[in-house]
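[1] show me how the following folds:
(chains A and B)
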Amino acid sequence: MPPILDVRHYTKRFDMHVLNGKRINALTNVSFSLEPGEIVGLVGKSGSGKSTLMKSIYRTYLATSGAIYYQSLRYGPIDLVRATDHQIIALRRDEITYCSQFLSVIPRVSAADVVAEGLFRRGAGRTEAWHQSRDYLDRLGLPQELWDAYPSTFSGGEQQRINVARAIIARPRLLLIDEPTASLDQRTKDVVIDMIIALKAEGTSVLCISHDLYTLDRLADRRIELKDGHIVATTSPVS
Amino acid sequence: MTNLSDNWLLKVEGLTKIYGEPNENSVRLTGPLFGSNICPETDSIVACADINLELFPGEVLGVVGESGSGKSTVVRLLYFDLESTAGVAYFNQYGNGAINILNESSQKKRFIRNHLMGMVYQNPKDGLNFRFSSGGNIAEKLLMAGNFNVGRIRERATELLEQTEVPVRRLDDSPASFSGGMQQRVQISKAIANNPPLLFLDEVTTGLDVSVQAKVLDMIRTLQQELGIAMIVVSHDLSVIRMLTDRTIVMKNGRIVEQGLTDQILQDPQHPYTQLLVSSLL
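    Model prediction:
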């Protein structure tokens, strides 16, 4: 089977016109691939380019050069760098989910609805989405009295759990997840890890940024280390 | 949010609106490169030029830009409030998408507007008739779309006011006695009364206070999700764009300077003007 994701010579440079054309080389000539059902941990210091890489795959960032091949159910092999905006929108809805470090809250939408929306967007019925959303929030230990409250007032850890639940509930083919266990206690951390492992068992491929060694040990089949926008090491499961 | 098929709902090419007496250089000598939309040779005003866009069924497209960038002109041309100088627009729900709707007779334009489109203006006075009750305003739209059953019209008006959280007992009151946020919600009720596949929203939350703004935006989001209406949302407010849209067009001096996925526009803007706009966000 071909890799589900194949990043080829990817380079991302930011040109900041408002700062007199200041240039930032965020990623340089990055190549790696992700096999179907594999979990790859993306590691490296803050500022090494981990999130930039993830946002590049999700097409929040436009490429400076290089290609990102993705094996899509809908389109077959497709270069995410050159796909149309409408193709990307369809892929985001049906196949690729990105879970950022921070929850971007939507005013006046309850925690349970924020989570259910992930499913609803993929065509699930209201009631079905509603039930599953409550099940996920329950398993993640979010107190029941918060389910119909607005997340803008929640603590960091509570928002984090909603964010993770929202991403995982959709059972994406490719999950890009940034620091899923930061600011969580040990018990909740294990729940999140188990949820991601369950997704993997269903065939989801995962790219996961983490600074947490415990999370990486339990999750990652392989680790890729970034430094100053370059891949400096790939650790296979054997070593 | 988006209910995408692989076919466009609306396709616009070369849409242009010029006021005054332009010559052959008017479009060439205006735009972001010149920092102006006034033709130096003729003083004609190029409100927008060479606008190309595709909107997919159920998609929400944002149009941002400063005052005078031409963003409202674009939706007013497409809703036939203004007459275009050049350009074509095809609508796949009309004439199999093969007819340039901008060239249709005024009678046919009225048909398209009444049956297939809705518009919500920044100023409720532009979209509502304050001499009619709020129910009467909704009825007007339904009558124009060919619904003549009075009982059914009243039922639909009630249903719409409930959906937009306007107290139903105010059905027979004029919107003149309503708060700004309520007027806006009546205007939205009216705009969607005929279940249009396409809705234009022109600065609909500008001038409302933050809590009312959140309520109106939330309502638009819910309506969009439940009814799957495609929308073009014009706003100078990037947080409105962020909350409502999948894709965004950035306009300056009557031209599109950049378009892309909304998160890309906000996090990795390419054009100097978009970078300035995003970096000015509070």
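[2] going forward, measure contacts and count neighbours with C-alpha atoms only.
    OK.
[3] what residues sit buried inside the lengthiest helix in chain A?
    Longest helix in chain A, counting residues (DSSP state H): helix A:186-201. Taking 16 or more other Cα atoms under 10 Å in any protein chain shown as the basis for neighbour counts, the residues of helix A:186-201 that come out buried are A:188-190, A:192-193, A:195-197, A:199-200.
[4] do the same with stretch A:147-154
    Counting neighbours by 16+ other Cα under 10 Å, one finds that the buried residues in stretch A:147-154 are A:147, A:149-152.
[5] from those residues, which single one is nearest residue B:106?
    Distance from residue B:106 was checked for each of the buried residues of stretch A:147-154 by Cα to Cα. The minimum falls on residue A:150, at 47.5 Å.
[6] who in chain B is up against chain A?
    Proximity of chain B to chain A (Cα under 8 Å from any Cα of the partner chain) is limited to residues B:1-2, B:4, B:214-215, B:218, B:243, B:246-247, B:260-261, B:263-264, B:267-268, B:270-272, B:275-276.
[7] out of the residues you listed, which sit inside helices?
    Checking these against DSSP H, those in helices are B:214-215, B:218, B:243, B:263-264, B:267, B:272, B:275-276.
[8] buried only: go through those for me.
    Neighbour counting with 16+ other Cα under 10 Å marks B:214-215, B:218, B:243, B:263-264, B:272, B:275 as buried within these.
[9] and which of these is nearest residue B:60?
    Nearest to residue B:60 among those, counting by Cα to Cα, is residue B:243 at 10.4 Å.
[10] residues in contact with the closest one?
    Residues touching residue B:243, when contacts are defined by Cα atoms under 8 Å, 6 or more residues apart in numbering or on different chains, comprise residue A:106.
[11] how about the nearest residue to the residue of the stretch 101-250 of chain B found nearest chain A, chain neighbours excluded?
    Taking Cα to the nearest Cα as the measure, the stretch 101-250 of chain B has residue B:214 as its residue closest to chain A, at 6.2 Å. Counting by Cα to Cα, 6 or more residues apart in numbering or on different chains, the nearest residue to residue B:214 once its immediate chain neighbours are dropped is residue A:107, at 6.2 Å.
[12] does the one you found count as helix, strand or coil?
    Reducing the assignment to helix, strand or coil with DSSP: H, G, I helix; E, B strand; the rest coil, the entry for residue A:107 is coil.
[13] do the same with the one 5 residues further on
    Put simply, residue A:112 is helix when judged by three-state DSSP.
[14] and the gap between it and chain B?
    For residue A:112, the distance to chain B equals 15 Å [Cα to the nearest Cα, to the nearest Å].
[15] so that residue sits against residue A:150, correct?
    No. Counting by Cα atoms under 8 Å, residue A:112 stays clear of residue A:150, with 9.1 Å between them.
[16] for chain A, what lies in contact range of chain B?
    Counting by Cα under 8 Å from any Cα, the residues of chain A close to chain B are A:14-18, A:59-62, A:85, A:89-90, A:106-109, A:121.
[17] please state the backbone phi and psi of whichever residue of chain A sits closest to chain B?
    Across chain A, the shortest distance to chain B (Cα to the nearest Cα) belongs to residue A:60, at 4.3 Å. Reported as degrees, to the nearest 10, the phi and psi values for residue A:60 are phi -70, psi -30.
[18] excluding its backbone neighbours, what's nearest it?
    Leaving aside its chain neighbours, residue A:60 sits nearest to residue B:264 (4.3 Å; criterion: Cα to Cα, 6+ apart).
[19] and that neighbour, how close does it get to residue A:88?
    For residue B:264, the distance to residue A:88 equals 11 Å [Cα to Cα, to the nearest Å].
[20] can you show me the strands along chain A?
    The residue ranges that make up the strands of chain A, judged by DSSP state E, are A:5-16, A:22-34, A:39-43, A:65-72, A:76-79, A:96-99, A:174-178, A:205-209, A:222-227, A:230-235.
[21] tell me how many other residues crowd residue 17.
    You didn't pick a chain, so chain A it is. A count of neighbours around residue A:17, defined by other Cα atoms under 10 Å in any protein chain shown, yields 17.
[22] try again with chain B
    A count of nearby residues for residue B:17, using other Cα under 10 Å, gives 23.
[23] next SSE downstream of the helix or strand containing it?
    Secondary structure assignment for residue B:17, by DSSP states H and E: strand B:10-19. For strand B:10-19, the succeeding helix or strand toward the C-terminus, using DSSP H and E, is strand B:45-55.
[24] just the CA trace of that following strand, in CSV.
    Only the C-alpha atoms of strand B:45-55 are listed here, as CSV (Å, rounded to 0.1, in the frame of the first residue of the first chain):
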residue,chain,number,x,y,z
ILE,B,45,-15.2,55.7,-10.6
VAL,B,46,-14.3,52.1,-11.0
ALA,B,47,-16.3,50.6,-8.1
CYS,B,48,-15.3,47.1,-9.0
ALA,B,49,-13.7,45.5,-12.0
ASP,B,50,-12.7,42.0,-13.2
ILE,B,51,-14.4,40.2,-10.4
ASN,B,52,-14.3,36.5,-10.9
LEU,B,53,-15.7,34.0,-8.4
GLU,B,54,-17.4,30.7,-8.0
LEU,B,55,-19.8,29.8,-5.2
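[25] how about residues contacting that strand?
    Under the contact criterion Cα under 8 Å, 6+ apart, strand B:45-55 has outside partners B:8-20, B:22, B:26-27, B:30, B:37-39, B:61, B:68-71, B:73-74, B:87, B:230, B:253-256.
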